[in-house]
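> What shape does this take:
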Amino acid sequence: MKKRFFAVPAAAVGAGALVLSLTGAAGAAPWDHQGNDRPSVAGMKILLSNDDSMQMARPDGADGRGLYEVRRALCAAGADVVVMAPWAYMSGAGTSATGSGALTVSQRTALPAGFENDCAGAPSKGVVFGVCKGSAPCGPTTPSATPADTVRLAVRGGLAAKVGWKNGPDLVVTGANSGPNVASVTNDSGTLGAAIAGIDNGVPAIALSAGMDMDTFKVTERTYRAFADFIPGFVAGLKQKDLLTDKFVVSVNYPNAVEGRNPGRPVWAEIGTETVVPVTYVPTGDTFAIGMGDCAAPGTFCRPEEKRNADWTLLNQGHITVGAVDSNRTYGGGDDHKLEKFVKNGK
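Here you go, the predicted model:
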């Protein structure tokens, strides 16, 4: 079944939709600066991963085009980029990780057409690795490592062994994903799962997710390219403002790019509560077919949106949304005081 994302009605941007505070004295964002004071990613060692794989073999590019576009843009801006990504498509893997057995790292020698020489001048040459499960060479039917596996492996010895990085990376970047990671989708996202593996290992991380053309439910080449070109300046701005940290993942969603429409500066957004993709389970005997439902269908449970500056709402209005995602799952909404009282006092 075709993957569907259900847009919420557009609403006016509320006061909670704060403009990301990466501004200079004149109000311009760092990625708009010109001249010698322009922030830079030059010299940064960046680990690039995703949950779509490093294959880029599908005609629509859903299995890795976003990764190669980001690799191109970061290398062009002077970063030293190494890709260590899942061997096969692993969308929806969340933070799952492999706890036993072995993982094999396979270097890709023939890169996708048009991206062969993007990082030729970088110290690590933009080397691309795919990671699979088991001790045999990765092949067409080899089970893939999870997105979180790839980052954990990379920072816990993989980068040192394969490219000689004794220190670093300075930053983990995941994506750009073939679709948004907002609201209810966030918990399932392998893009965010890989980024969370970064901060869990003490490395700042940014998760990138690209919005779809809602007529085709695909990410266009225009969107991948526009998003990737936005990233180096944005990362440089975060670096300049000391916002690259292992305390949270910076989650960025970029809207579907339309000719003549500029998404403008990013807006601050919270992870929404809305059910974006309602999953269905249709029984046939003991077997249940997994599919994508419709919130309008009778009997389908979908949570409503309860936040004014929700990421999915703002993305549908054409904004670049930026939010912070923490790996700490302790509830901090303030509504847990009754539970706390019961646990402490039995009342």
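> can we go C-alpha only for contacts and neighbour counts from here?
Fine.
> separation between Ala194 and Ala110?
Using C-alpha to C-alpha, to the nearest Å, Ala194 is found at 25 Å from Ala110.
> Of these two, which one has the most company?
Ala194 (35 against 9; other C-alpha atoms under 10 Å).
> in a strand, that's where the more buried one is, yeah?
No - secondary structure assignment (DSSP: H, G, I helix; E, B strand; the rest coil) places Ala194 in helix, not in a strand.
> Isn't it up against Ala145?
No - between Ala194 and Ala145 there is no contact, the gap being 11.3 Å when judged by C-alpha atoms under 8 Å.
> Flag every buried residue along the host helix or strand of Ser106.
Ser106 belongs to strand 103-108 when assigned by DSSP states H and E. If you call a residue buried by 16 or more other C-alpha atoms under 10 Å, then strand 103-108 has these buried ones: 103-106.
> got it, and stretch 235-245?
Buried residues in stretch 235-245, counting neighbours by 16+ other C-alpha under 10 Å, are found at 235-238, 240, 243-245.
> Please apply the same query to stretch 222-229.
Residues 223-229 are the ones in stretch 222-229 that count as buried (16+ other C-alpha under 10 Å).
> can you put those residues in CSV and add distance to Thr321, secondary structure and pLDDT?
Listed next are the buried residues of stretch 222-229 as CSV, based on distance: C-alpha to C-alpha, whole Å; DSSP: H, G, I helix; E, B strand; the rest coil; pLDDT from 0 to 100:
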residue, distance to Thr321, secondary structure, pLDDT
Thr223, 15, helix, 98
Tyr224, 16, helix, 98
Arg225, 17, helix, 98
Ala226, 15, helix, 97
Phe227, 12, helix, 98
Ala228, 15, helix, 98
Asp229, 16, helix, 97
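> Return the distance of the helix or strand of the chain with the lowest mean pLDDT from the chain's centre.
The weakest-scoring helix or strand in the chain, judged by mean pLDDT, DSSP states H and E, is helix 337-345 (a mean of 76). Centroid displacement of helix 337-345 relative to its chain, using C-alpha atoms, centre = their mean, to the nearest Å, is 37 Å.
> And for stretch 235-244?
On C-alpha atoms, centre = their mean, the centre of stretch 235-244 falls 18 Å from the chain's centre.
> Over to it now: how far is its first residue from its last?
8 Å.
> Check stretch 154-163 too.
Across stretch 154-163, the terminal residues are separated by 10 Å (C-alpha to C-alpha).
> low-scoring stretches of the chain, by residue?
1-38, 339, 347 (pLDDT under 70).
> where exactly do the helices run in it?
Here the chain has its helices, by DSSP state H, at 65-76, 147-153, 159-163, 190-200, 221-240, 311-316, 337-345.
> hey, which of these is tucked in deepest?
Highest mean neighbour count of these: helix 190-200, a mean of 30 (counted as mean count of other C-alpha atoms under 10 Å).
> any idea how far the closest residue to Ala97 other than its chain neighbours is from Leu208?
Excluding its sequence neighbours, the residue lying closest to Ala97 (C-alpha to C-alpha, 6 or more residues apart in numbering) is Asp149, at 5.4 Å. Look at Asp149 and Leu208: by C-alpha to C-alpha, they are 18 Å apart.
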